[in-house]
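> sequence first, predicted coordinates after that:
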Amino acid sequence: MKHAPCISPEISLPLLRSTSASIVFFCALGASLLVATTAHAQTKPPAATEIAKPALPAATAVPGKAPATLATAVPAASVANTDVIRIGLSGPFTGGSAPLGISMREGVRIAVEEINLYVGGVLGKKIVLVERDDQANPAAGGAIANDLINGQRVIATVGIVNTGVGLSSIDVYQKARIPVIVAVSTGTMLTKKFAPPAAPENFIFRVAPRADLETSFLIEHIVNRAGISNIAILADSTPYGENGKSDLERALAVKNLKPVSVGRFNIGDTDMSTQLKAAKAAGAEAIIMYGIGPELAATVRSRDAIGWKVQTYAGWTASMQSFIEQSGRSGENVLMPLTFVSQGANVRTRAFVTRYAQRTGSEIIPSPMAAAQGYDAMRILYNAIQNAASQDGLKIKNALENIQSIEGVITNHRAPFSATDHDAISASMLVMGKIHNGRTEYAFSEDANKSIVLRRKQAQLNVNALGHGIQ
């Protein structure tokens, strides 16, 4: 079977026909990943090529069951091995945020396996992931970052799920001048803290929507499309919830609005009826929840328990499988902004979902969005290291800021970063999802119909034009 030669960094994606489940091709010049899929035979890379394949625990597909600490492919005693490229991977692989961390981890692992198999790694060396479980504990973030940099000698890291962990980690990476690509956390300040002129060089990047983009997208939809202006906010007491609440209030202020009620809850709370009754008494016509799966599920169950039928929105974490399972029928029709919907018609979406199921043995992705962002973050990092032709942190950072094009599963990333913009996701790349019949789907048929095409980054977005940015 013949394919077009690699002559440009911008490679189109042909619909290939094959009996294999996943066919992956790399262009060494443009580092563009070409994926086609069918629904039939499953293939696995030959064992001899799996030099850096992470050991997959049997419980990987079950949130909260992964080992607390896992260094992949090489034992700790091999830190001095210069025949491999060591990349850090940190996130919560146990605990309440584990569905996010496990999904992200599998997306990164899939990318690394493909890179090692099909192009032999990067800079002539296999990539090895050094994985650390932060258990969503902010106190662990800085210690893990320090260990990855100074103990494990990684040249870059992908990960960070929780904003609190991120805030305690980024100072370590910045001081060491080691790039970190945040794959899940949306905390607005993560990529802004060291942005010029605050620092001459910023080593913090992200392939996830900033919270301020997510919240502006939500408010734009609720106020302009749904025609609702009386909005209540319920947010958890973590840095994620605090940042989300503040960003929602700022987005409302742009519309000359204020929340009619603001309720807070703690991790582990199971009864939110007091906060919901206050919101109802204040005349709320919609509520926005900001937190992680278990508490969000408790919120919608409490809403139903007090007999309040009100349109409910949430941050993207409501797309987690744990929320869907724990909320039951109460979670139906909760809406949230997403970068990735696993039911999309795009061929790369189908290929990725198939590969995830093959690798984990489960058709359920605990957090499809986290998995896709982890995959794309690793693909972007690979491209930067290859273009930098170096393991030096500053050179990799500069290469990240000058990437022209790289194919991922969220989109074909065109210039995802620049010297002044370290966020790969723009509001033009978001869609509204909803919970329906136990899974996350496109909320609107027009978005589902357009899922065959790509939503691309825009440097500046007119947020009054929802859906703009489809190309």
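Done, it's in.
> from now on I want contacts and neighbour counts done on CA atoms only, so please keep to that.
Fine.
> now for the closest residue to Gln391 other than its chain neighbours, how many residues are close by?
In space, and not counting its chain neighbours, Gln391 is closest to Ile155: 6.1 Å by CA to CA, 6 or more residues apart in numbering. Neighbours of Ile155 under the rule other CA atoms under 10 Å: 21.
> shouldn't Ala208 be in contact with Met429?
No - if you go by CA atoms under 8 Å, Ala208 and Met429 don't touch, sitting 10.4 Å apart.
> now do the shared contacts for these two.
Thr339 (CA atoms under 8 Å, 6 or more residues apart in numbering).
> so for these two, which residue has more residues nearby?
Ala208 (28 against 23).
> so what's Ala424 scoring on pLDDT?
Predicted confidence (pLDDT) for Ala424: 96.
> same question but for Gly331, I mixed them up
Gly331 is given a pLDDT of 96.
> which residues are in contact with it?
Ala297, Val300, Arg301, Phe323, Ile324, Ile435.
> so the third one, which state does it fall into?
Okay, so that is Arg301. Of the three states, Arg301 takes helix under DSSP: H, G, I helix; E, B strand; the rest coil.
> and it, how far from Asn243?
24 Å (CA to CA, to the nearest Å).
> one more: the first one?
When CA to CA is applied, the distance between Ala297 and Asn243 equals 20 Å.
> same deal with the second one?
Using CA to CA, Val300 is found at 21 Å from Asn243.
> between those two, point out the one with more neighbours.
Taking neighbours as other CA under 10 Å, Val300 and Asn243 compare with Val300 leading, 26 against 22.
> that one and Gly328 touch, don't they?
No - using CA under 8 Å, Val300 is not in contact with Gly328; the gap is 9.4 Å.
> quick check: most distant residue from the centroid of the chain.
Most distant residue from the mean C-alpha position of the chain: Ala281, 36.1 Å away (CA atoms, centre = their mean).
> distance check, that residue against Lys258.
Separation of Ala281 from Lys258 (CA to CA): 16 Å.
> and for Ser319?
For Ser319, the distance to Lys258 equals 26 Å [CA to CA].
> more neighbours: which of the two?
Neighbour comparison, Ser319 and Lys258: the larger count goes to Ser319, with 29 against 18 (by other CA under 10 Å).
> that one is in contact with Glu441, isn't it?
No - here Ser319 does not reach Glu441: they are 9.2 Å apart, not a contact under CA under 8 Å.
> report pLDDT for Cys27.
So Cys27 comes in at 39 (pLDDT).
> my bad, Asn412
So, for Asn412, pLDDT stands at 88.
> for Leu13, same thing?
pLDDT, read off for Leu13, is 28.
> now swap in Leu123 and tell me
For Leu123, the model assigns a pLDDT of 96.
> separation between it and Asn383?
11 Å.
> those two: who's more crowded?
Between Leu123 and Asn383, Asn383 has the larger neighbour count (other CA under 10 Å), namely 25 against 18.
> the one helix or strand the more buried one maps to - contacts with which helices or strands?
Using DSSP states H and E, Asn383 sits in helix 368-388. Counting by 3 or more CA pairs under 8 Å, 6 or more residues apart in numbering; DSSP states H and E, the packing neighbours recorded for helix 368-388 are helix 98-119, strand 156-159, strand 180-182, helix 393-400, strand 405-407.
> could you rerun that using 7 Å?
helix 98-119, helix 393-400 (3 or more CA pairs under 7 Å, 6 or more residues apart in numbering; DSSP states H and E).
> which helices and strands does the longest one pack with?
Under the contact criterion of 3+ CA pairs under 7 Å, 6+ apart, the helices and strands touching helix 98-119 comprise strand 22-26, strand 126-133, helix 368-388.
> who wins for proximity to Gly91 among these?
strand 126-133 (5.4 Å; CA to CA).
> by how many degrees do that closest one and helix 368-388 diverge?
For strand 126-133 against helix 368-388, the angle by axes from the mean of the first three to the mean of the last three CA atoms, to 10 degrees is 140 degrees.
> what's near enough to touch Val310?
Neighbour list for Val310: Glu285, Ala286 [criterion: CA atoms under 7 Å, 6 or more residues apart in numbering].
> so where do the strands sit in the stretch 151-300 of the chain?
156-159, 180-182, 204-206, 231-236, 261-265, 286-290 (DSSP state E, counting those that start in this stretch).
> I'd like these as TSV, with mean neighbour count and distance to Ile403 appended.
Output for those, formatted as TSV (neighbours: other CA atoms under 10 Å; distance: least, CA to CA, whole Å):
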stretch	mean neighbour count	distance to Ile403
strand 156-159	28	16
strand 180-182	28	14
strand 204-206	26	13
strand 231-236	25	37
strand 261-265	19	41
strand 286-290	26	33
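> among those strands, which comes closest to Arg109?
Nearest of the strands of the stretch 151-300 of the chain (CA to CA): strand 156-159, 10.9 Å.
> quick one: strands adjacent to that closest one?
Strand pairing for strand 156-159, determined by DSSP bridges: strand 84-91 (parallel), strand 180-182 (parallel).
> looking at these, spot the one closest to Gly408.
Counting by CA to CA, Gly408 lies closest to strand 180-182 out of those; the figure is 14.8 Å.
> what comes into contact with the closest one?
Contacts for strand 180-182 (CA under 7 Å, 6+ apart): Ala156, Thr157, Val158, Gly159, Ile160, Tyr173, Phe203, Ile204, Phe205, Arg206, Val207, Ala377.
> please state the offset of it from the chain centre?
Put simply, strand 180-182 sits 11 Å off its chain's centre (CA atoms, centre = their mean, to the nearest Å).
> same check, this time on stretch 310-322
Put simply, stretch 310-322 sits 15 Å off its chain's centre (CA atoms, centre = their mean).
> re earlier: just the buried ones among the contacts of Gly331, please.
Ala297, Val300, Arg301, Phe323, Ile324, Ile435 (16 or more other CA atoms under 10 Å).
> which residues touch the last one?
This points to Ile435. Taking CA under 7 Å, 6+ apart as the criterion, Ile435 is in contact with Gly331, Glu332, Asn333, Val334, Leu335, Glu441.
> possible to save the residues you listed as TSV with distance to Ser405 and secondary structure?
Conversion of the contacts of Ile435 to TSV gives the following (distance: CA to CA, whole Å; DSSP: H, G, I helix; E, B strand; the rest coil):
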residue	distance to Ser405	secondary structure
Gly331	38	helix
Glu332	38	coil
Asn333	36	coil
Val334	34	coil
Leu335	31	strand
Glu441	28	strand
